[in-house]
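[1] I'll drop the sequence and a predicted model, then ask my questions.
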Amino acid sequence: MFGSRIIARRLAVVPRRWAHSHNPSTRPPLSSVTREDVEHFSKILPSSAVLSTLASETASQAELEPYNTDWIGRYHGKSTTVLKPQTTKQVSEIMRYCYERGIGVVPQGGNTGLVGGSVPLKDELVVNLGNMSKVRSFDPVSGALVADAGCVLEVLSEYIAPHGHIMPLDLGAKGSCMIGGNVATNAGGLRLLRYGSLHGSVLGLEVVLPDGTILDGLSTLRKDNTGYDLKQLFIGAEGTLGIITGVSILTPPAPRATNNVLLALPSFDNVLPLFKKARQQLSEILSAFEFVDRTAYNLAVKHGQGKAMSEEEAEGAECFILLETSGGDGKHDEEKLTALLEDLMGADEPLITTGVISQSPAQFASLWRLREGVTEAVSKEGKAYKYDISIPLASFKEVVDTTREHLRKLGLLREDAVKHVLGYGHVGDSNLHLNICAASYSPEIETALEPFVYELTASYNGSISAEHGLGAMKAHAIHYSKGGVAVDLMKKLKNVIDPKGIMNPGKVLE
Ligand SMILES: O=C(O)CC[C@@H](O)C(=O)O
Ligand SMILES: [Zn+2]
């Protein structure tokens with residue numbers, strides 16, 4: 001009798017407290033968008049900015065497909081409604097309404113992510129930032145650029161080029177990805193070796209919080225040491241804490257001279273000594289050192305990604321390095337690069353078999369295309385399982401070979417299952433892109449790869465996401481790279497900022 005009264009009292013108290021603090025385990029389920037909601041959104045936005053299958057004549061399911069499907073075609077949402085606001089105020093009004101109604105919201109930029117972070121998992125509302133594409137200001141002296149979140153990275157590069165500046169990041173997806181998404185995912189890319197991560201170059205952010213409040217932090221100054229650096233929370237949060245609507249970013253002066261060279265290596269064992277030598281000899285002008293293994297190279301060539309070297313030149317190479325220099329004096333840089341190549345070729349045991357130096361801007365672009373185009377080549381070849389891992393440089397080949405061997409032993413290495421296992425990536429950042437190119441996505445292959453790849457990565461004390469984020473793909477696997485205390489603190493922060501759990505549900509944290 002006594003015991004049951006206590007239990008009854010506990011039951012009466014505990015749920016009330018939980019309901020107040022929106023403990024994730026007792027949160028009410030998210031609401032689906034209704035016809036009435038769409039009518040409300042139509043009062044906030046012009047009719048061309050509301051695409052919905054719920055309201056007549058605004059969009060068909062087929063028209064919503066590109067917003068529901070991720071770039072590699074692995075994740076498919078069922079959103080009925082996509083909104084395309086033009087102003088921060090509109091985003092704020094949308095969020096205030098969604099917060100009250102408990103509607104899940106997926107922020108979306110160029111939708112070029114590789115971990116399913118920018119598409120809905122169920123029928124959440126998609127807020128696409130593509131119509132927010134104005135440059136707000138640029139200071140040619142400091143290089144501070146303030147832009148709407150929906151500005152395409154390449155468009156921003158072109159905007160600042162006449163002022164002698166470049167964006168501090170460069171990605172293969174530059175023609176479609178947007179700066180807001182770059183920041184939300186803390187995208188790394190090809191210039192990280194030289195200019196560091198976005199945690200360093202973002203000066204300030206404008207963010208619409210889940211309840212519609214606007215956090216206006218668009219500073220253009222480098223220094224601000226007044227307590228918690230809140231912008232850092234949103235860089236890499238993948239839209240789980242709010243919607244980034246504006247970005248202030250420091251753009252470096254463009255180098256006066258750039259050169260690149262593609263090097264063919266007889267053995268992977270030469271990558272490390274080559275990197276060491278290049279760093280020593282090129283020092284401050286080394287701006288990229290990118291790795292492409294033989295399988296990745298062959299696929300890039302097969303699918304027409306840039307003209308590299310002739311077949312004879314590439315013969316016998318186990319892997320390739322694309323090396324870039326950027327500096328202030330073309331003659332001096334060229335002399336340094338030529339001296340390095342002469343040393344490499346003239347050594348008793350040469351580290352390279354051959355090297356191709358670009359002789360024109362077109363060749364420069366073509367060599368880069370080979371490296372940047374691997375991702376596109378893989379998706380032309382089949383369906384890609386992508387593992388973006390941070391591991392010690394010396395183990396790049398071992399990880400690719402071990403994964404291939406594992407799949408071979410399971411009998412999955414065949415034309416109608418796994419076609420290729422390949423590795424490429426950013427040597428300078430110890431970041432390997434392990435890609436498994438399959439004939440189609442299948443539960444059998446996925447089970448063979450996960451948690452195998454995560455365990456393998458953890459065995460090197462590596463990170464299961466070096467630069468692509470966790471998204472939907474790796475939210476469940478966060479513990480392979482983060483300790484319990486860190487994950488708990490992340491959950492607490494999420495709960496404080498997004499107590500109803502409406503922001504990009506199912507991403508980053510399950
Ligand atoms: O597709 C991939 O796995 C990597 C994409 C990108 O991060 C790259 O470095 O090319
Ligand atoms: Zn990368």
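    Right, received. Where do you want to start? Ligands and ions are numbered 1, 2, ... in the order given.

[2] Quick check: residues of the stretch 51-200 of the chain near ligand 1?
    With Cβ under 6 Å from any ligand atom as the criterion, the stretch 51-200 of the chain meets ligand 1 at residues L114, G172. In short, each C-beta sits where N, CA and C put it, glycine included.

[3] The residue in the stretch 51-200 of the chain that ligand 1 sits nearest to in helix, strand or coil?
    Here the stretch 51-200 of the chain gets closest to ligand 1 at one residue, G172, 4.7 Å apart by Cβ to the nearest ligand atom. Here G172 is recorded as coil under DSSP: H, G, I helix; E, B strand; the rest coil.

[4] May I have the residues that are in contact with it?
    Contacts for G172 (Cβ atoms under 8 Å, 6 or more residues apart in numbering) come out as G189, L190, E372, G373, T375, E376.

[5] Can I get these in CSV including secondary structure?
    Below are those laid out as CSV (three-state DSSP):
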residue, secondary structure
G189, coil
L190, coil
E372, helix
G373, coil
T375, helix
E376, helix
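
[6] what's the closest of those residues to V126?
    The closest of the contacts of G172 to V126 turns out to be T375 (Cβ to Cβ; 23.6 Å).

[7] just checking, V152 touches K134?
    No: V152 is not in contact with K134 according to Cβ atoms under 8 Å; the separation is 12.0 Å.

[8] Comparing these two, which shows the higher neighbour count?
    V152 (20 against 13; other Cβ atoms under 10 Å).

[9] So how do I select the buried members of the contacts of G172 in ChimeraX?
    Selecting the buried subset of the contacts of G172 in ChimeraX, with 16 or more other Cβ atoms under 10 Å as the burial test, is done by:
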select :189,190,372,373,375,376
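
[10] which of the contacts of G172 lies closest to N461?
    Nearest to N461, judged by Cβ to Cβ, of the contacts of G172 is G189 at 23.8 Å.

[11] per-residue confidence at the closest one?
    G189 is assigned 95 on the pLDDT scale.

[12] Repeat that for A347.
    86.

[13] what does H303 give?
    What the model reports as pLDDT for H303 is 97.

[14] how many other residues sit next to it?
    For H303, the neighbour count with other Cβ under 10 Å is 15.

[15] In three-state terms, label the closest residue in space to it that isn't next to it in sequence for me.
    Distances taken as Cβ to Cβ, 6 or more residues apart in numbering place A377 nearest to H303, at 3.9 Å, with adjacent residues excluded. Per three-state DSSP, the secondary structure class of A377 is helix.

[16] distance of the closest residue to A439 other than its chain neighbours from G382?
    For A439, ignoring the flanking residues on the chain, the nearest one in space by Cβ to Cβ, 6+ apart is D416 at 5.1 Å. From D416 across to G382, the span is 10 Å (Cβ to Cβ, to the nearest Å).

[17] Pull up the overlap in contacts between those two.
    Contacts common to D416 and G382, judged by Cβ under 8 Å, 6+ apart, are A439.

[18] So for those two, which sits in the more crowded spot?
    G382 (19 against 10).

[19] right, and that one touches A438 too?
    Yes: judged on Cβ under 8 Å, G382 makes contact with A438 at a distance of 5.5 Å.
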